[in-house]
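>>> attaching a predicted model along with its sequence, questions to come.
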Amino acid sequence: MPLNNYQFSFNGFNFGGAGSVYQILDVDGLESLPELRVQDDNRGFNVGMFTGRDFYSGRTLVFMLNVFAGNGRNAQQNLSLLQAALNPVQQLTSSNGLLQWQLAATDSMQRITARVRSRKVVIDPEYTFGFIRAQVIFFAPDPKYYDDTATTITLNPLTSAGGRTYSKTFNYSYGASIPNLFTVTNNGWATTNPTITVTGPVTNPTITNVSTGQYLTVNDTLTNLDSLVFDLENKNITLNGSSARNLLAVGSQWFGAPSGTTQFSFTGVSGSSGTTATIVYRNAYV
């Protein structure tokens, strides 16, 4: 659902924006770089450090809010709704919620997966007069944020070229199939990791990053009832909902789509008109 300018939504609970009873005073950590995990190490009994690699850690978002009366409720009742909606959860499978926002009319709606880590309310004389100050802290394990609208590309069918097939993947095609190409255009400035769903029938389906030569091949034969999902973000493969990482061929490497245009290809053996590959991705930022 569309949001107003400077409005946020967490799992469908809206706050901020013009006329809201939840006035956002400031948001810290949204457009800043997240903390880094650094691998620099001491040089022992020497000056300086050995240079390691830097990785993004999770992102912490701090919201400062005023809560007012409105919508037929007093400020304390509106606070109760805020407290009920912005609550830490304990179940692992539902620990990350969807935080969405619209900052300005010229921006697209964006999202991040996060969970509530802290909620503080100040009780002072103003509290009793319907002017309540609150702080809410979210933590996002994935520090990247994304456009809310996803791009979906479906290739159908896998084009067979006949000829001889081989049990290993080579740099050149020997006629097992003609590659179908996805052109992934990531308009963000961080690497995005698509989800790719393959439906059979197909044998040894392969997804390749044409730009780098990296590929993922699953050594299996899918029927027209099977669905294979490559989750490039979590480095996981499922077949009909069950983990299938054990089917990855030797030499397979995980990859993503950096900023700009990247070509992925889909190949396999014995495809038919029912064979499809669908890629879903969002522009990514950090």
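Ah, there it is. Residues are numbered from 1 along each chain as shown.
>>> ok now the lengthiest helix in the chain, how far from the chain's centre?
Counting by DSSP state H, the longest helix found in the chain is helix 75-85. Put simply, helix 75-85 sits 29 Å off its chain's centre (C-alpha atoms, centre = their mean, to the nearest Å).
>>> quick one: low-confidence ranges for the stretch 1-150 of the chain?
For the stretch 1-150 of the chain, the stretches flagged by pLDDT under 70 are 90-95.
>>> which stretches of it form strands?
Ranges of strands in the stretch 1-150 of the chain, per DSSP state E, counting those that start in this stretch, are 7-10, 13-16, 22-28, 36-38, 41-42, 49-50, 54-56, 59-67, 97-102, 110-122, 132-140, 145-147.
>>> could you dump these into a markdown table with mean neighbour count and distance to residue 236 added?
Heads up, the C-betas are built off the backbone N, CA and C, glycines and all. A markdown table is the format used below for the strands of the stretch 1-150 of the chain (neighbours: other C-beta atoms under 10 Å; distance: least, C-beta to C-beta, whole Å):
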| stretch | mean neighbour count | distance to residue 236 |
| --- | --- | --- |
| strand 7-10 | 22 | 26 |
| strand 13-16 | 18 | 30 |
| strand 22-28 | 16 | 32 |
| strand 36-38 | 12 | 22 |
| strand 41-42 | 10 | 31 |
| strand 49-50 | 11 | 33 |
| strand 54-56 | 12 | 19 |
| strand 59-67 | 20 | 22 |
| strand 97-102 | 19 | 20 |
| strand 110-122 | 17 | 16 |
| strand 132-140 | 20 | 19 |
| strand 145-147 | 22 | 19 |
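>>> nearest to residue 195, of the ones you listed?
When the strands of the stretch 1-150 of the chain are compared by C-beta to C-beta, strand 145-147 sits nearest residue 195, at 12.3 Å.
>>> ok, that closest one: who's next to it in the sheet?
When pairs are called by DSSP bridges, strand 145-147 turns out to pair with strand 110-122 (antiparallel), strand 284-285 (antiparallel).
>>> just to revisit the earlier point, list of residues touching the longest helix of the chain?
Helix 75-85 is contacted by residues 10-11, 13, 15, 21-22, 65, 67-71, 73, 119, 121, 130-132, 134, 136 when judged by C-beta atoms under 8 Å, 6 or more residues apart in numbering.
>>> ok so, going back, turn the strands paired with strand 145-147 into CSV, columns for distance to residue 143.
What follows is those, written out as CSV (distance: least, C-beta to C-beta, whole Å):
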stretch, distance to residue 143
strand 110-122, 8
strand 284-285, 10
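>>> distance of residue 44 relative to residue 118?
For residue 44, the distance to residue 118 equals 39 Å [C-beta to C-beta, to the nearest Å].
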